[in-house]
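Student: This is a predicted model, with the sequence first.
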Amino acid sequence: MAAPPQRIVVIGTTGSGKSVLSARLAHALGAAFVELDALHWGPGWTAAAPEVLRARAEEATRGPAWVVAGNYRHVRDVVWPRARAIVWLDYAFPRVFWRLGARTLKRGVTREVLWNGNREYLWEHAMLWSERSLFHWLFKTYWRNRREYPLLFARPEHAHLEIVRLRTPRETEAWLEAFLASALTSPPTRPGN
């Protein structure tokens, strides 16, 4: 029996739970957890230049086992060719909106420290017209991603990828349980497989 893939990219709209699922997968597999947001955002929410982000993603995905959380277009041609599977959290818009709201409120109230000392500010996200608002980003990207991802998956350069499309958290939990049961009972893959 072939071992399940251990180079996985988790994608989905902001607030869908990419980082949480990726961290769980990486921990269970003993793989590196790579959060593209952490590679992209420097102190003071300073965005890395595209070439810097690409170099960081290149370095972070050199190993034989990793789980990447994120959708950054600038590094797709670095990360996806190395991956063996894409897990798409394709939840309904109201669910993602609710989850993003709950997460944003929690981070704002607890003053949770994110990547490189950054914190989210509630008032920034409340300004839906602002480019700094994650809700603005959600409205801007949710339907675009649903149109674009299937087209990307169909490209010949992505034919090697196993695509897992999950539409509800319950479906995600069932998939995760089955995946981990298979991964933990299969022989490990050799680097390069």
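Tutor: It's in. Residues are numbered from 1 along each chain as shown.
Student: only C-alpha atoms for contact and neighbour calcs from this point on.
Tutor: OK.
Student: Please report phi then psi for the residue most central in space within the chain.
Tutor: Nearest to the mean C-alpha position of the chain, by Cα atoms, centre = their mean, lies residue 69 at 2.5 Å. Dihedral pair for residue 69: phi -100, psi 120, per degrees, to the nearest 10.
Student: That one and residue 32 touch, don't they?
Tutor: No: counting by Cα atoms under 8 Å, residue 32 is not a contact partner of residue 69; they are 11.0 Å apart.
Student: for this structure, what spans make up the helices?
Tutor: 18-29, 36-40, 50-60, 76-79, 93-110, 122-126, 134-153, 169-185 (DSSP state H).
Student: how about the third one: buried residues?
Tutor: It stands for helix 50-60. 53, 54, 56, 57, 60 (16 or more other Cα atoms under 10 Å).
Student: Give me the pLDDT for the first one.
Tutor: We have a pLDDT of 97 for residue 53.
Student: Next: the third one.
Tutor: Model confidence at residue 56, given as pLDDT, is 97.
Student: tell me the contacts of it?
Tutor: residue 39 (Cα atoms under 8 Å, 6 or more residues apart in numbering).
Student: how close does it get to residue 41?
Tutor: 12 Å (Cα to Cα, to the nearest Å).
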